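**Q** Give me the fold of what follows.
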Amino acid sequence: MGKLYFRYGTMGSAKTAMLLTQAYNFEERGLHYLCMKPIIDNREKENVIRSRIGIQRQCAWIYPTTDLYGFVKELYDKTLVVKDWILIDEAQFLSEEQVDQLARVVDDFGTNVVCYGLRTDFQSRLFEGSRRLLEIADSIDEIKSTCACGRKTIINARIDKDGNIVTDGNQVEIGGDDRYVALCRRCWQNRRIESAERNSLKFKSE
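**A** Alright, predicted model coming up:
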């Protein structure tokens, strides 16, 4: 019997490296697996999942209109082989409907589906895909990482070019270390206050 897994963590918590390590282990054991990733994360020009430490695997793109259940069924109809595992990177960008489709894949095909992603955005609000995974996943695990102060990171804080905390904007803005920093709640609050004070002083001086 398959399971739907959700493994979440803040940016920089090695989620992608864990996914790719798992893919390597499946290859070593001769298991049938598939890597997938929403195309909204378009930093890569090729259809690959790449970790910051340099390892990568080819993947299938997930488009906003992709019917994931239909995609897996079509693969089965062509090959008559059931995938043992499906590994999905950046799962926070899935729609609620797509998460439900993955649950059907688990229940109908017995495939294990492991979704790696962020839980919340830069404003500490749940992403649509993450919310649905938290609601219906069979197994939920937090991938923990540490803030510079030593506490557990919780917030994926967005920053500007000067390192100030950004509090407004679109929920989705793709970026790396130049746009985001993982912080504990207290450091996030303190840096928000500091950024607001700096902006206020800059406004008065102008």
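**Q** Could you pull up the contacting residues of the residue nearest in space to the middle of the chain?
**A** Geometric centre of the chain, nearest residue: Gly117, 2.1 Å, by C-alpha atoms, centre = their mean. Shown in contact with Gly117 (C-beta atoms under 8 Å, 6 or more residues apart in numbering): 6-8, 15, 88-93, 127, 129-130, 133. All C-beta spots, glycine's among them, are computed from the backbone N, C-alpha and C.
**Q** Out of these, which two sit at the greatest distance?
**A** Within those, Arg7 and Phe93 form the most distant pair, 15.2 Å apart (C-beta to C-beta).
**Q** any idea how far the helix or strand Glu27 falls within is from the chain center?
**A** Here Glu27, judged by DSSP states H and E, is contained in helix 15-29. Chain-centre distance of helix 15-29: 16 Å, with C-alpha atoms, centre = their mean, to the nearest Å.
**Q** Tell me the buried residues in that helix?
**A** Across helix 15-29, burial judged by 16 or more other C-beta atoms under 10 Å covers 15-16, 18-20, 22-23, 26.
**Q** With stretch 104-114 instead?
**A** For stretch 104-114, by 16+ other C-beta under 10 Å, it's 105-106, 109, 111-114.
**Q** would JSON lines of these with pLDDT and secondary structure be doable?
**A** Listed next are the buried residues of stretch 104-114 as JSON lines, based on pLDDT from 0 to 100; DSSP: H, G, I helix; E, B strand; the rest coil:
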{"residue": "Val105", "pLDDT": "98", "secondary structure": "helix"}
{"residue": "Val106", "pLDDT": "98", "secondary structure": "helix"}
{"residue": "Phe109", "pLDDT": "97", "secondary structure": "helix"}
{"residue": "Thr111", "pLDDT": "97", "secondary structure": "coil"}
{"residue": "Asn112", "pLDDT": "98", "secondary structure": "strand"}
{"residue": "Val113", "pLDDT": "98", "secondary structure": "strand"}
{"residue": "Val114", "pLDDT": "98", "secondary structure": "strand"}
